[in-house]
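Q: Just the structure for this:
(one chain, ligands or ions: 1)
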Amino acid sequence: MHKANRAAVVGTAAAALLVSTFTVAASATPENAAQHTKPKSDVAAKTLGALGKRADLRIGTAVDMSALASDAPYRAKAAGEFSSVTPENVMKWEAVEPRRGTYDWAAADKLVDFAEENGQLVRGHTLVWHSQLPAWLNNGDFTADELRDILHRHITGQVTHFKGKIWQWDVVNEAFNDDGTMRNSIWLQKLGPGYIADAFRWAHQADPKAKLFINDYNIEGVNAKSTALHNLVAQLRKEHVPVHGVGIQGHLDVQYSAPHDIATNMKRFDDLGLETAITEADVRIPMPVDNTKLEAQAEAYDVLLRGCLLTEHCTDFTVWGFTDKYSWVPGVFKGEGAANILDENFEAKAAYNAMSADLALAAGRG
Ligand code: G3I
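A: Predicted coordinates for the structure are as follows:
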């Protein structure tokens, strides 16, 4: 289906779904609430990846390499349910160059091989970030010239290593503060804002076919941060900097309202000729879990996915882990968790069923 048609189908269906979701939330008892998002059996038989392909959309997951190695059901789901994968940690700088000049690609190569075996595309994550930098870099007290050279080598080395194997790179990650100012990272401090354009140019030189993304959180709706990012990418496009896409992470919390203006926001990027993607979706829940919270979670996933389905050049929707068995959330947000679409036993939650239903609609199956 052409993506414009996909958007039209979803647009009509979305209004109905939205009404039904809210009606359910208002009137359902906890026991029957989850029933409403159960897909029809023919839809249930299809994986998210398979349903997504029919709607021209890759459905991906972040992959935890320890779980992949040690947990057979995790591996089976990662292989079978998704059509793209993102390394949760193993392509980050601290993982690939733990000591200066000593590279360790082993874990990242394993994921690339896994993806190839399973016919999945790979999102590379991430080249330039303020976090998970190796200690030698954080503590190095380098001059601006040295740091620029280090960054150039890192980007060229990593993108060249994976040349031809990465579909989309998160070249620059989390460069903004929520108020729209630029994050005062080591990169901004020492190199100035031009580090962003440089990073994209260097990545493009190393692999001209990879799609290059800028990625951030809290940019789902129209707000100061997404507007600042929009202004930046508009400027970069004018200067012919090879930036191809905007990654919207999608880390949400049922305590805050879902970003219902996401399609409006995503259209701004689409209008600049950019691709978009939801790159790290999860929706955390203040524990303990109950069916009302699970329904609110399903609605938030639904809002994110429909934002993507309504946007012509939204290419992929990635969940940041798929099972509550493994998640970064409890370690960072005390008292919160259960942020993923499958529970700890790999059973589908309402969120999974909502995604399945949205994708089936988008594929024109009603
Ligand atoms: O590297 C050490 C390892 O040597 C040690 O054995 C292990 C023991 O716990 O810890 C390892 O470091 C952990 C690392 O993940 C790798 O597993 C860190 O403690 C832990 O803080 C780190 O967390 C990751 C986090 O990024 C770091 O910022 C999460 O797993 C990962 O999900 C999270 O992902 C980020 C995205 O990259 C960017 N957007 C936000 C998202 C969520 O924070």
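Q: Name the residues of the protein found near the ligand, please.
A: Contacts of the chain with the ligand, taken as Cβ under 6 Å from any ligand atom, map to 88, 89, 131, 132, 173, 249, 280, 328. The C-beta positions use only the backbone N, C-alpha and C, and glycine is treated the same way.
Q: Just the buried residues of the residues you listed.
A: Buried subset of the residues of the chain next to the ligand (neighbour count, 16 or more other Cβ atoms under 10 Å): 88, 89, 173, 249, 280, 328.
Q: how about a markdown table for those, with secondary structure and pLDDT added?
A: Shown next, in a markdown table, are these (DSSP: H, G, I helix; E, B strand; the rest coil; pLDDT from 0 to 100):
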| residue | secondary structure | pLDDT |
| --- | --- | --- |
| 88 | coil | 98 |
| 89 | coil | 98 |
| 173 | strand | 98 |
| 249 | coil | 98 |
| 280 | strand | 98 |
| 328 | coil | 98 |
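Q: Out of these, which comes closest to residue 136?
A: When these are compared for distance to residue 136 (Cβ to Cβ), residue 89 wins out at 18.1 Å.
Q: So which residue is dead centre in this structure?
A: Nearest to the mean C-alpha position of the chain, counting by Cα atoms, centre = their mean, stands residue 279 at 1.0 Å.
Q: isn't there a strand covering that residue?
A: Yes. Counting by DSSP: H, G, I helix; E, B strand; the rest coil, residue 279 is part of a strand.
Q: for this structure, what spans make up the strands?
A: Assigned by DSSP state E, the strands in the chain fall at 58-63, 84-87, 121-128, 168-173, 211-216, 245-248, 251-253, 275-286, 314-319, 336-337.
Q: Check what contacts the first one and list those residues.
A: Think strand 58-63. 48-49, 51-52, 78, 81-88, 111, 114, 120-121, 123, 125, 280, 315-322, 355, 359 (Cβ atoms under 8 Å, 6 or more residues apart in numbering).
Q: let's see 6 Å
A: Strand 58-63 is contacted by residues 48-49, 52, 78, 82-86, 88, 111, 316-322 when judged by Cβ atoms under 6 Å, 6 or more residues apart in numbering.
Q: Whichever of the residues you listed end up buried, select them in PyMOL.
A: Per 16+ other Cβ under 10 Å, the buried members of those correspond to this PyMOL selection:
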select buried, resi 48+49+52+78+82+83+84+85+86+88+111+316+317+318+319+320+321+322
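Q: Out of the strands of the chain, which gets nearest to residue 263?
A: Closest among the strands of the chain, using Cβ to Cβ: strand 314-319, at 9.4 Å.
Q: quick one: the closest one to strand 211-216, angle?
A: For strand 314-319 against strand 211-216, the angle by axes from the mean of the first three to the mean of the last three Cα atoms, to 10 degrees is 50 degrees.
Q: which other helices and strands contact strand 314-319?
A: Judged by 3 or more Cβ pairs under 6 Å, 6 or more residues apart in numbering; DSSP states H and E, the packing partners of strand 314-319 are strand 58-63, strand 275-286, helix 291-309.
Q: One more pass at 7 Å, please.
A: In terms of contacts (3 or more Cβ pairs under 7 Å, 6 or more residues apart in numbering; DSSP states H and E), strand 314-319 is packed against strand 58-63, strand 84-87, strand 275-286, helix 291-309.
Q: Mind putting the ones you listed into a markdown table with distance to residue 364?
A: Formatted as a markdown table, those follow (distance: least, Cβ to Cβ, whole Å):
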| stretch | distance to residue 364 |
| --- | --- |
| strand 58-63 | 17 |
| strand 84-87 | 22 |
| strand 275-286 | 21 |
| helix 291-309 | 12 |
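Q: any idea what sits nearest residue 166, other than its immediate chain neighbours?
A: Once flanking residues are discounted, residue 166 sits nearest to residue 124: 4.1 Å by Cβ to Cβ, 6 or more residues apart in numbering.
Q: Could you give the number of residues near the one you found?
A: By other Cβ atoms under 10 Å, 26 other residues sit near residue 124.
Q: give the contact list for it.
A: Residue 124 makes contact with 91, 162, 166, 169, 170, according to Cβ atoms under 7 Å, 6 or more residues apart in numbering.
Q: who wins for most neighbours among these?
A: residue 169 (31 neighbours).
Q: tell me the contacts of that residue?
A: By Cβ under 7 Å, 6+ apart, residue 169 lies in contact with 124, 127, 159, 203, 210, 212, 213.
Q: If the spatially closest residue to the residue nearest to the centre of the chain that is not a sequence neighbour is in a bridge, with which residues?
A: Of all residues not flanking residue 279 in the chain, residue 247 sits nearest, at 3.8 Å (Cβ to Cβ, 6+ apart). Under DSSP bridges, the beta-bridge partners of residue 247 are residue 215, residue 277.
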